[in-house]
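In: sequence plus predicted model, see below.
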Amino acid sequence: MFFGGHPFGGGMPGGMGGSGHGGGPPRGDVDTTKLYETLEVDKSASKKDIRKAYMKLSRTHHPDKGGDEHKFKEISAAYEILSDDDKRAQYDKYGLEGVSGDDVGAAGGEDLFSMFFGGGGRSRRGASSGPRKGPSVNHPLKVSLEDLYNGKTVKLAVNRKVIQGTPTECTRCKGQGAILEVRQLGPGMITQMQRTCDACNGQAQQCQYKSERKVLEVHVEKGMREGDRITFSGMSDEVPKMEPGDINFIIQEKDHDLFKRKGADLLVVKEVSLNQALCGFSWKIQHLDGRELVIKSRPGEVIKPEMNTKEALPFVKMLPDEGMPSKGNPFVRGNLYVMFRVKFPEDNELPTEVVEAIRKLLPEPDVPEEYDPMEVEEVHLNPADLRLFGKGGAHVSSNEAHDEDEDGGARPVQCQQS
C-alpha cells in the first residue's frame, strides 16, 4: 500500500450484544432443554443437583482422563449458564439466544449454537458469520494544531492491489493454505512440520493483481486528538475469499511553538518581569484560528511566583472558552490557561538609587536589625541547589561506618606491636 504526497505540509511546527428480548414471551420454536439434557438433569433440578451432575460428568469426560474434549466443553458451558440464576432464567425463557451475548467461558456467545447444534441454531437465527475480513492498513497522519482546531479536508492518493480475474485453487497446497513437511530424523524417527504455503502466502488461492489508484478525501474533524482514527472501510488490498480490510489514518499531533494541549484545554507560558508582575502587563498572541488576542492584567492585579496553596504550584490564570473545540460538538470549547514565570533581577543588577526608590514605594520595607558589628558576625548567602540538601559535611565511608559500635561511638583502635 503506497500513499502519495503529504496533506499537511503547511502550518506552524509543532461481540454480539445482549439478547434484546426484553420481557416478552418466549418464542415457540426456542429449545430450552438442551443444556439440561447435556447435564442429564430435569428442568426442575436445584443448584445443588446441577453442581453434583456437573462434577460427575466433568470427571468422566475430562480430556486428561481420556474423555471427549468437545463433550467436556458442552458440559462446562451448560453448567456455567445453569448455575447462574440470571442466565438460567434467560435460558428458560429464550433458549441460547437469551445468553448468547454473555461471556460464557472459553466458548463465547458466538460459539454456543455451533457447540450444541453444530451450527444449525445459528443458521436458524439467520445470523451468518460471513466471509472473514482482510488485514487493515494503519497510516500515521501528522496534523498541525491549527488544523485540529479549525478542521481540514484534503485529498490523498492511494494505490491498492485489486484482484484481476477469478482466483484459482493453489496447486501446491491444494487449497489448504499450508504444506505438511515430513522429515526423517534417524532410523525409525520422523517429524511432521506444517508451514505456510509460500506459493499463495497461506491464502489457499492464486490470482493475478493489478494496481488501482484511488483518491480519498480525508476529513480531519475539529477537536480530533492524538490517536483518533479516520477510517475508510474496505479500501485496503483485496485478498481472495476475504472482504477487503480498512485503511485507517491515525492522527499524530504536531508540537506547537506557543500552545500545549491536554484534552480540550490549551496552555501557554508567559514570562513577566518583576515590574510587570507588580505593575501590570499586556501580551498580544495569535490564536489558532488567526485571531489576535491581547491578554492584559487587571488594574492592581499582582502576578505571584506561586499559587497560595500547600503545594508549590505555578501561578496560573485562565481564559474561559478559548481552548480547543470538542470533537462532535465544536461549539463547546475548552479553556486557555496561562502559566506565569516571574523573572527577578539578577544579583547587582539594580542600582543603589533604584533600590532606595523601590524601598520607599513598596509596602513592608526591611527594618534594619540593631546590633554591634564588633560583637555580632555578619554573613552573606551563596547560591545553592536544594537537591544537595543533606549531602553536606564529611561523608563516612561504608567501611568506617561498620567500625562504629551500637551506641554510635567509634570502636577503639588497637595497635599491634611486633
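Out: Perfect, I can see it now.

In: which residues touch stretch 346-363?
Out: By CB atoms under 8 Å, 6 or more residues apart in numbering, the residues outside stretch 346-363 that reach it are L278, P365, D366. In this view, the C-beta of every residue, glycine as well, is placed from N, C-alpha and C.

In: pull out the buried positions in it.
Out: Residues of stretch 346-363 include none that count as buried (16 or more other CB atoms under 10 Å).

In: what about the helices in the chain?
Out: 34-39, 47-61, 69-82, 85-94, 112-117, 120-125, 145-150, 274-279, 352-361, 398-402 (DSSP state H).

In: which helices and strands sit right next to the third one?
Out: The elements that helix 69-82 packs onto, with contact taken as 3 or more CB pairs under 8 Å, 6 or more residues apart in numbering; DSSP states H and E, are helix 34-39, helix 47-61, helix 85-94, helix 112-117.

In: contact partners for the closest residue to G280 other than its chain neighbours?
Out: In this structure, G280 finds its nearest non-sequential neighbour in S297, 4.7 Å apart by CB to CB, 6 or more residues apart in numbering. Going by CB under 8 Å, 6+ apart, S297 touches Q276, G280, F281, S282, I303.

In: I'd like to know which of the residues you listed are part of strands.
Out: S282 (DSSP state E).

In: make JSON lines from the contacts of S297 and add distance to D257 to it.
Out: Converted to JSON lines, the contacts of S297 look like this (distance: CB to CB, whole Å):
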{"residue": "Q276", "distance to D257": "22"}
{"residue": "G280", "distance to D257": "26"}
{"residue": "F281", "distance to D257": "20"}
{"residue": "S282", "distance to D257": "20"}
{"residue": "I303", "distance to D257": "23"}
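
In: so for stretch 88-101, mean pLDDT?
Out: Averaged across stretch 88-101, pLDDT comes to 78.

In: can I get the CA coordinates of it in PDB?
Out: Extracted as PDB, the C-alpha positions of stretch 88-101 are listed here (Å, rounded to 0.1, in the frame of the first residue of the first chain):
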ATOM      1  CA  ARG A  88     -30.700 -19.700  33.800                       C
ATOM      2  CA  ALA A  89     -33.800 -17.600  33.800                       C
ATOM      3  CA  GLN A  90     -32.900 -16.100  30.500                       C
ATOM      4  CA  TYR A  91     -32.200 -19.500  29.000                       C
ATOM      5  CA  ASP A  92     -35.500 -20.900  30.300                       C
ATOM      6  CA  LYS A  93     -37.300 -18.100  28.500                       C
ATOM      7  CA  TYR A  94     -35.400 -17.600  25.300                       C
ATOM      8  CA  GLY A  95     -33.000 -20.500  24.900                       C
ATOM      9  CA  LEU A  96     -29.400 -19.900  23.900                       C
ATOM     10  CA  GLU A  97     -30.400 -16.700  22.200                       C
ATOM     11  CA  GLY A  98     -31.100 -15.300  25.700                       C
ATOM     12  CA  VAL A  99     -27.500 -15.800  26.800                       C
ATOM     13  CA  SER A 100     -25.600 -15.600  23.600                       C
ATOM     14  CA  GLY A 101     -24.500 -12.100  24.400                       C
END
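
In: now that stretch: buried residues?
Out: Buried residues in stretch 88-101, counting neighbours by 16+ other CB under 10 Å, are found at 88, 90-101.

In: and stretch 69-87, by the same measure?
Out: Residues 71-82, 84, 87 are the ones in stretch 69-87 that count as buried (16+ other CB under 10 Å).

In: pop the domain breakdown of this protein in here.
Out: Annotated domains of the chain cover 34-125, 136-253, 258-379 [automatic domain parsing].

In: include distance to L388 when you put the ones you listed into CSV, please.
Out: Shown next, in CSV, are these (distance: least, CB to CB, whole Å):
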stretch, distance to L388
domain 34-125, 56
domain 136-253, 38
domain 258-379, 18
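
In: which one of those lies closest to G392?
Out: Checking those against G392 by CB to CB gives domain 258-379 as the closest, at 16.0 Å.

In: so how far is that closest one from its chain's centroid?
Out: Mean-position distance between domain 258-379 and its chain equals 35 Å (CA atoms, centre = their mean, to the nearest Å).

In: and that domain, how far apart are its ends?
Out: Start and end residues of domain 258-379 are separated by 44 Å (CA to CA, to the nearest Å).

In: for the residue most central in space within the chain, list the residues it contacts.
Out: The C-alpha lying nearest the average C-alpha coordinate of the chain belongs to G227 (CA atoms, centre = their mean; 8.4 Å). With contact set as CB under 8 Å, 6+ apart, G227 has these partners: I250, I251.

In: just to revisit the earlier point, the domains of the chain: lowest mean pLDDT?
Out: Among the domains of the chain, domain 34-125 scores lowest, with a mean of 76.

In: what is the burial count for the residue nearest to K152 when sequence neighbours are not counted?
Out: Excluding its sequence neighbours, the residue lying closest to K152 (CB to CB, 6+ apart) is V220, at 4.8 Å. A total of 22 residues lie near V220 under the criterion other CB atoms under 10 Å.

In: touching, V220 and L148? I think so.
Out: Yes. Contact criterion CB atoms under 8 Å: V220 and L148 qualify, at 6.7 Å.
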